[in-house]
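> need coordinates for the below:
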Amino acid sequence: MKSIQGKTAVITGGAGGIGRLLAFGLAESGAKVVAWDLDEAALKRLELEAAERKLDIHGIRCDVSNRSEVYAKAKETVERFGRVGLLVNNAGIVSGTKFLDTPDERLERSMAVNAMAAFWTTKAFLPAMIEGREGHIVTVASAAGIVGVPGLADYSASKFASIGFAEAIRMELRKLDSPVRTTIVCPFFIDTGLFEGVKTRFPLILPILKQDYVAERILAAIAKGKKRLVLPLFVYSVWLLRLFPVGFLDAMADFFGVSSTMDEFKGRKHER
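Numbers count the residues shown, from 1 in each chain. Predicted coordinates:
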């Protein structure tokens, strides 16, 4: 898309954290923003603040892990606000416990919200984008989808899945010669509350990212049609390290503190 102005943008997990910041940023650029979230109170606060700032932001409660609910809310969104030109798959949850300590239901929920939800939202909105030969799908994944992290087995698995899905969709669109764009976002830990208590050994090269900064970079990536956004740049080194024996990658993960980032994790228990 040459411009987001006048387009309808859907953001999952849009009532708080990065989603909320993206909602305001896109609305300030002239988009009609529809925030999907589980938290009705947060959605109401978002709409009130948007009204005070005279921004076109609307909230719809949706459990994105529920396929039938996603399709129903997608239909409602299009009927109320028009064809969706931008989809931001941002909703996510974090268990933050060792794999064997994580209840089965929580493992299933992580995969449903962090990975499978993007299947349903993309299937709901992508056909019209392809037909109209215009659109953009943004997937907010994680650096934990590039390298496995102790204490994040389910989260890492879901984000590895998100990256693979987003890449496959990009390649399918390329084969169709479709102008619909995709962006995959892979940030290190962000100070949204989901990862409260995480630590980094070398904050100069692997900082805990500020959510305002991440939101600004995502907005810039959308505006430029960037295919991939990795934050910080040091995360790119993981792909290089995979060229070496596994033991070397493990040793580097230990040295840079990746293996111990979750040792003091507290986090928040609700979803974004």
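> ok, the residue at minimal distance from the centre of the chain to Phe255 distance?
Centroid-nearest residue in the chain: Val140, 2.3 Å away (criterion: C-alpha atoms, centre = their mean). As defined by C-beta to C-beta, to the nearest Å, Val140 lies at a distance of 28 Å from Phe255. (C-beta placed from N, C-alpha, C; glycine too.)
> one more: Lys123?
42 Å.
> I'd say Val88 and Val140 touch.
Yes. At 6.9 Å, Val88 counts as touching Val140 under the criterion of C-beta atoms under 8 Å.
> what about the helices in the stretch 1-150 of the chain?
17-28, 40-52, 67-81, 104-111, 117-132 (DSSP state H, counting those that start in this stretch).
> distance from stretch 182-193 to the middle of the chain?
7 Å (C-alpha atoms, centre = their mean, to the nearest Å).
> same question for stretch 144-151.
So, by C-alpha atoms, centre = their mean, the centroid of stretch 144-151 is 16 Å from its chain's centroid.
> distance between the ends of that stretch?
Taking C-alpha to C-alpha, to the nearest Å, the first and last residues of stretch 144-151 lie 11 Å apart.
> helix, strand or coil for Gly193?
coil (DSSP: H, G, I helix; E, B strand; the rest coil).
> burial measure for it, as a count.
Look at Gly193: counted by other C-beta atoms under 10 Å, it has 15 neighbours.
> measure Thr122 to Gly96 for me?
27 Å.
> again with Thr200
On the measure of C-beta to C-beta, Thr200 and Gly96 end up 16 Å apart.
> the more surrounded of these two?
Applying other C-beta under 10 Å to Thr200 and Gly96 shows that Gly96 carries more neighbours, namely 21 against 17.
> give the contact list for that one.
151-152, 155, 195, 262, 265, 267 (C-beta atoms under 8 Å, 6 or more residues apart in numbering).
> go again using 7 Å as the cut-off
151, 262, 265, 267 (C-beta atoms under 7 Å, 6 or more residues apart in numbering).
> my guess is the residue nearest to the centre of the chain contacts Cys186. True?
No. Val140 sits out of contact with Cys186 when judged by C-beta atoms under 7 Å, with a separation of 8.8 Å.
> tell me the bridge partners for the residue nearest to the centre of the chain.
Val185 (DSSP bridges).
> confidence score at it?
Note on Val140: pLDDT of 98.
> what do you get for Met1?
53.
> same deal with the one 10 residues further on?
Residue-level confidence at Ile11 comes out at 98, pLDDT.
> chain neighbours aside, what residue packs nearest to it?
Val88 (4.4 Å; C-beta to C-beta, 6 or more residues apart in numbering).
> okay, now the residue nearest to Gly85 when sequence neighbours are not counted: neighbour count?
Leaving aside its chain neighbours, Gly85 sits nearest to Lys7 (3.5 Å; criterion: C-beta to C-beta, 6+ apart). Using other C-beta under 10 Å, Lys7 has 21 neighbouring residues.
> Lys7 and Gly135, how far apart?
9 Å.
> quick one: common contacting residues for those two?
The contact lists of Lys7 and Gly135 share Gly85, where a contact means C-beta under 7 Å, 6+ apart.
> okay, now Ala223: neighbour count?
So Ala223, with other C-beta under 10 Å, has 15 neighbours.
> please confirm that it is located within a helix.
Yes. Counting by three-state DSSP, Ala223 is found in a helix.
> if I look at it, how far off is Pro127?
25 Å.
> also Lys75?
Lys75 is 13 Å from Pro127, by C-beta to C-beta.
> could you do Thr12 as well?
18 Å.
> phi, psi for the residue nearest to Pro187 when sequence neighbours are not counted please.
Beyond its immediate neighbours in the sequence, the residue positioned closest to Pro187 (C-beta to C-beta, 6+ apart) is Leu231, lying 4.3 Å away. Backbone torsions for Leu231, taken as degrees, to the nearest 10, come to phi -130, psi 130.
> list of residues touching the biggest helix by length in the chain?
If you go by DSSP state H, the chain has its longest helix at helix 153-175. Outside helix 153-175, the residues that touch it by C-beta under 7 Å, 6+ apart are 94-95, 99, 102, 107, 110-111, 114-115, 118, 122, 137, 139, 141-142, 144-145, 148-149, 180, 182, 184, 186, 227.
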